[in-house]
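# kindly generate the corresponding structure for this input.
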Amino acid sequence: MAFKRDWSFLDKITMGSVGTKRVIEILNAEGHQIIELERYCTSNKIWSTKIKRLRIPDLLCLRCGKRIESRAKSKLGIIMSDSQNNLDRRWYSGLRKSDLVAFVQCHRNVEGLWEASRTINLFCVGDMLSKESLTKLSAPKSVYEGAERDREWKCYIPGYDFKVVAIEKGKDGTRIKFMTPTGKRHSKVIANDHYVYVNEGDIFGGKEKIVSGIVPSTYDCRCTGEQYDFIKDLKSEENETKYTAIKALGFLPPNNLAIRELQCITKKAEMDARIKLEAFATLIKLGIDLWDDMYSFVFSGTSEEIKMEYVLILGELNLEGATTKLIKVINNSSNNPELRAAAVWSLPNDACTLLAILDQCFSSEEILANHAIAKIEKYFTPGMTPNLLSLFGEDEHNNAICSHILAMAKAVNKKEIVKHYIAERQIKLRNWILFSIGISGRNGYEELIKTLDIDAKNTLNKLALLWDCHDNYMSKEQQEGIEFIKKQK
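Down below sits the predicted model:
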């Protein structure tokens, strides 16, 4: 596994998810009712199974029906990835002229984590298309033919915090006068081919607001409030429109006409599998018991991509029926290991469910084991401590995994661990528990041992070196793999 490259990719999609969450927050504050249209667009979870989804934007408003593509940028600009030689990868693929693109600037905070600006820059796709001939393309991102390039619409973004104090039109263009919070004044002459997107009195932070550009106008963030008719779109010949309507209806109050139309879609043999699967999911959301029907459809000849999408949908449903099916996927050893890992990751994070996947931590399939370990470490509860202690046994590698979980989980019951160590009579198991305490660090354990262990001095002497050396029999590669997974949400 190329960790250097993967960590870089994780960082990039983490920025994207942070930016998309901010777009949702701002649009909802303006009266929209936003849902994810593109599954996982607010997540940084990485799977190697590439799901070929329909060409749809990231977000959808359930009220006005607007679809929004979100673009997080560390350096703000009106910039879209484009591939002129591949129609499926043109910058506007899957976008209608009435759809919107939201650009938001992201920066690292004092902790080094991505943080999104509280300003979004909205543009209508039709307006962007009208000026495409004036854009410039970057060099290809790779040497391969048809590689994507960045297509950029010229614009101006001040690098300092500012208030717009005046906008003056002249023969050579428009002059905008700014004032910084310290009182320093700046001015900028905007070329005649630019449109101005700010008004006098506007206040913005530096690097976060597109002040002017060649796109005719920015789009108002406020929702019109008029309810879009998604039911009529169920009969659309365009798959993207049909899919959007199906997904939206799962978040709206049940409607008998919609339910009948959706049921018809699930019964059409020729229907696109992605659309059919989403129809099953929406009907379940609307209270129709189709758990077994959906499972049968997915596991009766669909592709690995559809199976993966099914598992991700189950994770979203967050219902008891979904948990039952996820465990069924996990326990079927004939399933693809990554599919089973995705099912583990999609399970609820309650202790009862986590206990059901403890055995998967010892799977010979590393991707499955690592996801089980990462999930349990991340959501461990004190009450799970006795269950984990009971798994120490003859297998040395399994014992190393148990030790790793006890050391890395934040919510273990340390008193229970010390008491178990004192009571254990098998030397090998006793040593493994001692090892677990050793690689966990002194914090919380030293005082417990002094209080509970009649042989505390001897025990503390054994732990002294271990407390200064946090290593175990698990390979560094596997440990890094687990940490990599835990960073994903």
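# for residue 471, give me the pLDDT.
Residue-level confidence at residue 471 comes out at 46, pLDDT.
# again with the one 4 residues further on
Looking at residue 475, its pLDDT stands at 66.
# remind me, longest helix of this protein?
helix 3-29 (DSSP state H).
# only the buried residues of it, if you could.
With burial defined by 16 or more other CB atoms under 10 Å, the residues of helix 3-29 counted as buried are 10, 13-24, 26-27. For glycine as for every other residue, the C-beta is placed from the backbone atoms N, C-alpha and C.
# again, but for stretch 191-204
Going by 16+ other CB under 10 Å, stretch 191-204 has these buried residues: 194, 195, 196, 197, 198, 204.
# same list (the residues you listed) but as a markdown table, adding distance to residue 214.
Converted to a markdown table, those look like this (distance: CB to CB, whole Å):
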| residue | distance to residue 214 |
| --- | --- |
| 194 | 6 |
| 195 | 7 |
| 196 | 12 |
| 197 | 11 |
| 198 | 16 |
| 204 | 20 |
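# out of the residues you listed, which is nearest to residue 301?
Here the nearest of the buried residues of stretch 191-204 to residue 301, counting by CB to CB, is residue 197; it sits at 51.5 Å.
# ok, that closest one touching residue 219?
No - using CB atoms under 8 Å, residue 197 is not in contact with residue 219, being 10.1 Å away.
# quick one: low-confidence parts of the stretch 1-150 of the chain?
1-5, 142-146 (pLDDT under 70).
# and the helices in it?
3-29, 125-130 (DSSP state H, counting those that start in this stretch).
# top strand in this structure by residue count?
strand 114-124 (DSSP state E).
# name the residues of that strand that are buried.
For strand 114-124, by 16+ other CB under 10 Å, it's 114, 115, 116, 117, 119, 120, 121, 122, 123, 124.
# can you pull the contacts of the closest residue to residue 398 other than its chain neighbours?
In space, not counting the residues next to it along the chain, residue 398 is nearest to residue 362; the distance is 4.9 Å by CB to CB, 6 or more residues apart in numbering. Taking CB atoms under 8 Å, 6 or more residues apart in numbering, we find residue 362 in contact with 369, 395, 397, 398, 401.
# pull out the buried members of the residues you listed.
By 16+ other CB under 10 Å, those give 369, 398, 401 as buried.
# ok, residue 335 to residue 209 distance?
49 Å (CB to CB, to the nearest Å).
# let me redo that: residue 419
Where residue 209 is concerned, residue 419 sits at a distance of 59 Å (CB to CB).
# the two: which is more packed in?
Taking other CB atoms under 10 Å, residue 419 and residue 209 do not tie; residue 209 has more neighbours (24 against 16).
# quick one: residues contacting that one.
119, 121, 157, 158, 197, 198, 202.
# thought the first one was touching residue 106?
No - shown here, residue 119 and residue 106 do not form a contact pair, counting by CB under 8 Å, at 11.6 Å.
# neighbours around residue 34, how many?
For residue 34, using other CB under 10 Å, the count is 22.
# for residue 63, see how far away it is.
For residue 34 relative to residue 63 (CB to CB), the value is 9 Å.
# same thing with residue 198?
Residue 198 is 27 Å from residue 63, by CB to CB.
# do residue 381 as well
39 Å.
# now for the closest residue to residue 213 other than its chain neighbours: which residues touch it?
In this structure, residue 213 finds its nearest non-sequential neighbour in residue 155, 3.2 Å apart by CB to CB, 6+ apart. By CB under 8 Å, 6+ apart, residue 155 lies in contact with 77, 78, 194, 210, 211, 212, 213, 214, 215.
# what's the burial count for the second one?
Looking back up the chat, that one is residue 78. Neighbour tally, residue 78, other CB under 10 Å: 23.
# and the first one, by the same measure?
Per other CB under 10 Å, the neighbour tally for residue 77 reads 18.
# re earlier: which other helices and strands contact the longest helix of the chain?
Contact partners of helix 3-29 among helices and strands, from 3 or more CB pairs under 8 Å, 6 or more residues apart in numbering; DSSP states H and E: strand 34-36, strand 59-61, strand 67-73, strand 100-108, strand 114-124, helix 476-486.
# would you convert those into CSV that also reports distance to residue 253?
Formatted as CSV, the helices and strands packed on helix 3-29 follow (distance: least, CB to CB, whole Å):
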stretch, distance to residue 253
strand 34-36, 15
strand 59-61, 16
strand 67-73, 21
strand 100-108, 26
strand 114-124, 28
helix 476-486, 38
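# can you tell me which of these is packed in deepest?
Most buried of the helices and strands packed on helix 3-29, by mean neighbour count (mean count of other CB atoms under 10 Å): strand 59-61, with a mean of 25.
# so what are the sheet partners of it and their directions?
Partner strands and pairing direction for strand 59-61 (DSSP bridges) are strand 34-36 (antiparallel), strand 67-73 (antiparallel).
# can you give the contact residues for it?
So strand 59-61 is contacted by 20, 23-24, 27, 32-38, 41, 66-70, 223, 228, 244, 247-248 (CB under 8 Å, 6+ apart).
# mind listing what residue 206 touches?
Counted by CB under 8 Å, 6+ apart, residue 206 has contacts 158, 159, 160, 161, 162.
# one more: residue 341?
So residue 341 contacts 365, 367, 368, 370, 371, 372 (CB under 8 Å, 6+ apart).
# what's the neighbour count on the fourth one?
Spelled out, it's residue 370. There are 24 residues near residue 370, going by other CB under 10 Å.
# residues making contact with the helix or strand hosting it?
Assigned by DSSP states H and E, residue 370 falls within helix 366-379. Residues from elsewhere that reach helix 366-379 (CB under 8 Å, 6+ apart): 337-338, 340-342, 344-345, 347, 349, 354, 357-358, 360-363, 384, 401, 404-405, 408-409, 478, 481-483, 485-486.
# one more pass at 6 Å, please.
337-338, 340-341, 344-345, 349, 354, 357, 360-361, 363, 405, 408-409, 481-482, 485-486 (CB atoms under 6 Å, 6 or more residues apart in numbering).
# now, of those, which are buried?
By 16+ other CB under 10 Å, those give 337-338, 340-341, 344-345, 354, 357, 360-361, 363, 405, 408-409, 481-482, 485-486 as buried.
# next step: those restricted to helices.
Short answer: the buried ones among the contacts of helix 366-379 in helices (DSSP H) are 337-338, 340-341, 344-345, 354, 405, 408, 481-482, 485-486.
# which of those residues sits closest to residue 432?
Of these, the one sitting nearest to residue 432 (CB to CB) turns out to be residue 405, at 12.3 Å.
# and that closest one, what does it touch?
376, 377 are the contacts of residue 405 under CB under 6 Å, 6+ apart.
# the same query, at a cut-off of 8 Å, please.
Here residue 405 is in contact with 361, 373, 376, 377, 380, 388 (CB under 8 Å, 6+ apart).
# redo these as a markdown table? Include distance to residue 331.
Shown next, in a markdown table, are the contacts of residue 405 (distance: CB to CB, whole Å):
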| residue | distance to residue 331 |
| --- | --- |
| 361 | 14 |
| 373 | 18 |
| 376 | 17 |
| 377 | 21 |
| 380 | 22 |
| 388 | 20 |
